[in-house]
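S.K.: got a predicted structure here, sequence first:
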Amino acid sequence: MRNVRFAFILCTFAIIGCSEQRSASTIQSGIIYCSESSPSSFNPQLDTSSTTVDASAHQLYDRLLEIDPTSGKPLPGLASSWRVSRDGLTYSFQLRPNITFHTTDYFTPTRTLNVDDVIFSFARWVEPSHPYHQVNGGRYPYFDSLNLRENITHIEKVNHLRFTIRLRQPDASFITHLATDFSVILSAEYAQSLIQRGEPERIDHYPIGTGPYKLSYYRKNQYIRYIPHTQYWGELIHSGPLIFDITPQSSLRLAKLMTGECDSIAYPSQAEINYLEGRDDISLDQATGMNVGFWAFNTSKAPFDNVLVREALASAIDKTTIINAVYFDSATRSRSLIPPNSWAFSVDTPETEYNPVRARELLAQAGYHNGFSMSLWALPVVRSYNPDAIRMAELIRGYLAEVGITVDIVTSEWDNFRAGLDRGEHDSVLIGWSADNGDPDNFYRPLLSCDGIQSGTNRAMFCNLEYDKIIQEALLTTNIDQRKALYLQANLLIAEQIPLIPIAHANRYKVFRKGLRGVMINPYGGMRFGEMHKVPSVKDK
């Protein structure tokens with residue numbers, strides 16, 4: 001099988017050689033990243049997909065705060081400083097002066113960043129009556145899953161660079177949410193100009209931000225071209241273009257990396273990582289990932305609304321064998337939603353063990369002596385938290401057949417796949433989540449809260465008021481021990497109700513050619529190219 005796979009890769013070199021070639025100057029000066037698919041827009045406020053986040057969050061925009069990749073603590077971003085009141089309800093911010101927005105062929109700013117831009121960027125998703133709230137769908141999945149709009153009472157402008165945010169009740173995770181990929185700051189001036197032209201929908205497809213790159217050209221399913229924002233407020237290391245070469249096929253991405261058409265690639269498979277190890281022209285970095293791959297049941301549907309059925313499904317599969325077959329040695333077994341490197345992790349969280357005899361007994365108790373048929377939706381794209389969902393689905397189908405359950409594996413093009421999940425068409429789905437910050441709330445609320453159903457982040461369609469009460473209580477205190485005890489309660493409830501089965505926490509990988517410098521594995525959120533630059537290789541010289 002390995003020889004067949006790499007024979008196919010060699011064949012793709014011929015295809016690459018016949019394709020339209022980029023100029024030598026672009027290849028040498030530009031950074032070329034082989035991405036896996038097209039973004040749904042260029043605004044991460046509208047989408048939690050890593051494809052959209054990678055293409056927009058850190059290339060085009062900035063946030064009030066950033067996250068220290070080592071400690072997970074907030075750092076200054078567009079805001080140079082901030083202060084929290086003693087009651088935890090008022091957050092005061094000071095913006096940096098003289099930060100410029102992008103100048104493009106479709107917009108020329110007349111002023112620098114000020115508080116009006118921050119208020120616009122927040123008001124768009126906080127206020128249902130805002131002129132931009134319904135533009136391009138009116139869904140803000142990350143913020144909606146946290147119900148943040150209900151907790152923000154008002155944002156007050158003190159002067160053009162100072163403002164305060166007032167909360168209804170304390171939220172220990174609030175400051176970290178302002179540093180996530182989704183909390184980008186847009187241009188209020190640009191938004192107003194689009195309203196005047198009657199084209200507000202362009203704001204998310206023809207982006208204007210303050211980030212290190214600005215959009216130059218986009219051809220769906222082919223490539224995205226970015227050029228440097230030469231007036232960027234931070235350190236601008238790379239002076240050439242950034243190209244996202246959209247290449248859905250993993251083996252073709254690998255082929256382009258090996259021939260030098262790409263400097264880095266998205267989501268290499270474990271077989272490809274093994275193949276690349278030891279090559280003197282390729283660098284391979286890995287780190288423990290803040291993520292979780294899981295199997296979620298649509299608890300709004302029968303028979304998955306029956307906890308006995310869910311327990312039977314959990315007992316029917318051998319997680320260890322699945323992990324070995326899909327992740328090889330690149331992941332750790334999940335005990336709960338959060339990985340062992342989270343401060344809230346607890347070894348006291350129980351797991352369901354592989355026991356097909358017990359699975360059949362539970363099915364009989366639930367009234368399904370002869371089993372039933374179900375669909376298993378498998379992620380159609382490679383993700384760090386699940387490098388091969390189709391393979392995992394096939395293994396699960398085999399296990400479930402042994403206890404009398406017939407499985408239909410469903411997959412489709414990524415946008416259609418997600419649309420079907422949003423409509424709740426799935427019986428169950430293999431999917432996952434990558435942390436956007438270091439707070440455990442980033443897992444618990446989006447993935448299983450009642451608010452997460454409407455936002456599209458809760459694929460289990462699980463709504464449990466006791467669970468919501470526990471995770472909400474964990475936000476009312478900054479005491480780590482108290483919060484950890486509450487998250488253990490949440491783990492125990494999840495283990496009892498089994499709306500999903502956590503499977504694995506996967507390592508994150510970066511694969512890139514050795515001429516690329518400044519590459520860092522970010523445990524939180526999307527790709528960052530602003531700190532990268534390219535140096536000529538001996539071959540280039």
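M.R.: Thanks, I have it.
S.K.: would you list every one of the helices in the stretch 401-541 of the chain?
M.R.: All helices of the stretch 401-541 of the chain, identified by DSSP state H, counting those that start in this stretch, fall at 414-422, 441-448, 451-455, 465-473, 480-497.
S.K.: in CSV: the ones you listed, plus mean pLDDT, distance to residue 65 and mean neighbour count.
M.R.: In this view, the C-beta of every residue, glycine as well, is placed from N, C-alpha and C. Shown next, in CSV, are these (pLDDT from 0 to 100; distance: least, C-beta to C-beta, whole Å; neighbours: other C-beta atoms under 10 Å):
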stretch, mean pLDDT, distance to residue 65, mean neighbour count
helix 414-422, 92, 29, 16
helix 441-448, 96, 14, 26
helix 451-455, 92, 22, 20
helix 465-473, 97, 22, 16
helix 480-497, 97, 20, 18
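S.K.: closest to residue 316 out of those?
M.R.: The minimum distance between residue 316 and these falls on helix 480-497, with 16.5 Å, by C-beta to C-beta.
S.K.: and the closest one, what other elements does it pack with?
M.R.: In terms of contact count using 3 or more C-beta pairs under 8 Å, 6 or more residues apart in numbering; DSSP states H and E, helix 480-497 is assigned the packing partners helix 307-316, helix 441-448, helix 465-473.
S.K.: just how off-centre is that helix within its chain?
M.R.: 24 Å (C-alpha atoms, centre = their mean, to the nearest Å).
S.K.: keeping just the C-alphas, turn it into PDB.
M.R.: Taking C-alpha atoms only, helix 480-497 is exported to PDB below (Å, rounded to 0.1, in the frame of the first residue of the first chain):
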ATOM      1  CA  ILE A 480      -8.400  28.000  39.600                       C
ATOM      2  CA  ASP A 481      -9.100  25.300  42.200                       C
ATOM      3  CA  GLN A 482     -12.800  26.100  42.200                       C
ATOM      4  CA  ARG A 483     -13.000  26.200  38.500                       C
ATOM      5  CA  LYS A 484     -11.200  22.900  38.100                       C
ATOM      6  CA  ALA A 485     -13.600  21.300  40.500                       C
ATOM      7  CA  LEU A 486     -16.500  22.600  38.500                       C
ATOM      8  CA  TYR A 487     -15.100  21.300  35.200                       C
ATOM      9  CA  LEU A 488     -14.700  17.900  36.800                       C
ATOM     10  CA  GLN A 489     -18.400  18.000  37.600                       C
ATOM     11  CA  ALA A 490     -19.000  18.800  33.900                       C
ATOM     12  CA  ASN A 491     -16.800  15.800  32.900                       C
ATOM     13  CA  LEU A 492     -18.800  13.500  35.200                       C
ATOM     14  CA  LEU A 493     -22.000  14.600  33.700                       C
ATOM     15  CA  ILE A 494     -20.700  14.200  30.100                       C
ATOM     16  CA  ALA A 495     -19.400  10.700  31.100                       C
ATOM     17  CA  GLU A 496     -22.900   9.900  32.400                       C
ATOM     18  CA  GLN A 497     -24.900  11.300  29.500                       C
END
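S.K.: and it with helix 307-316, angle?
M.R.: Interaxial angle, helix 480-497 versus helix 307-316 (axes from the mean of the first three to the mean of the last three C-alpha atoms, to 10 degrees): 100 degrees.
S.K.: contacts for helix 480-497?
M.R.: Outside helix 480-497, the residues within contact range by C-beta atoms under 8 Å, 6 or more residues apart in numbering are 172, 307, 310, 336-338, 343-344, 346, 348-352, 440, 444, 448, 462, 464, 466-467, 470-471, 473-474, 477, 500.
S.K.: apply 7 Å and report the result again.
M.R.: The contact list for helix 480-497 (C-beta atoms under 7 Å, 6 or more residues apart in numbering) reads 172, 307, 336, 343-344, 346, 348-350, 440, 444, 448, 464, 466-467, 470-471, 473-474, 477.
S.K.: re earlier: figure out which of the helices of the stretch 401-541 of the chain is closest to residue 63.
M.R.: Checking these against residue 63 by C-beta to C-beta gives helix 441-448 as the closest, at 14.8 Å.
S.K.: how far off centre is that closest one?
M.R.: 13 Å.
S.K.: for stretch 118-126, same thing?
M.R.: Put simply, stretch 118-126 sits 21 Å off its chain's centre (C-alpha atoms, centre = their mean).
S.K.: what of stretch 426-441?
M.R.: 8 Å.
S.K.: what do you get for stretch 465-483?
M.R.: Remark: stretch 465-483 is offset 24 Å from the chain centroid, using C-alpha atoms, centre = their mean.
S.K.: also stretch 268-277?
M.R.: For stretch 268-277, the distance to the chain centre is 22 Å (C-alpha atoms, centre = their mean).
S.K.: stretch 403-420 now?
M.R.: With C-alpha atoms, centre = their mean, you get 21 Å for stretch 403-420.
S.K.: what about that stretch, how long is it end to end?
M.R.: 28 Å (C-alpha to C-alpha, to the nearest Å).
S.K.: other residues contacting that stretch?
M.R.: 37, 40, 316, 356, 359-360, 363, 370-378, 380-381, 390, 393-394, 396-397, 400, 426.
S.K.: check stretch 301-313 too.
M.R.: Counting by C-beta under 7 Å, 6+ apart, 297-299, 352, 359, 362-363, 365-366, 368, 372, 427-428, 497-498 sit against stretch 301-313.
S.K.: among those, which ones are in strands?
M.R.: Among those, the ones falling in strands (DSSP state E) are 297, 428.
S.K.: what's the neighbour count on residue 423?
M.R.: Neighbour count for residue 423, taken as other C-beta atoms under 10 Å: 8.
S.K.: mind checking the SS state of the residue nearest to residue 288 when sequence neighbours are not counted?
M.R.: Excluding its sequence neighbours, the residue lying closest to residue 288 (C-beta to C-beta, 6 or more residues apart in numbering) is residue 341, at 5.4 Å. Here residue 341 is coil, with the state taken from DSSP: H, G, I helix; E, B strand; the rest coil.
S.K.: residue 341 reaches residue 287, doesn't it?
M.R.: No: counting by C-beta atoms under 7 Å, residue 341 stays clear of residue 287, with 9.7 Å between them.
S.K.: what are the buried residues along the helix or strand hosting residue 216?
M.R.: Assigned by DSSP states H and E, residue 216 belongs to strand 213-219. For strand 213-219, a neighbour-count test (16 or more other C-beta atoms under 10 Å) marks 213, 214, 215, 218 as buried.
S.K.: try stretch 351-362
M.R.: Across stretch 351-362, burial judged by 16+ other C-beta under 10 Å covers 352, 354, 356, 358, 359, 360, 362.
S.K.: returning to that earlier point: name the strands paired with the strand holding residue 216 and say parallel or antiparallel.
M.R.: Strand 213-219 pairs in its sheet with strand 223-228 (antiparallel), by DSSP bridges.
S.K.: after the strand it pairs with, which helix or strand is next?
M.R.: strand 242-246.
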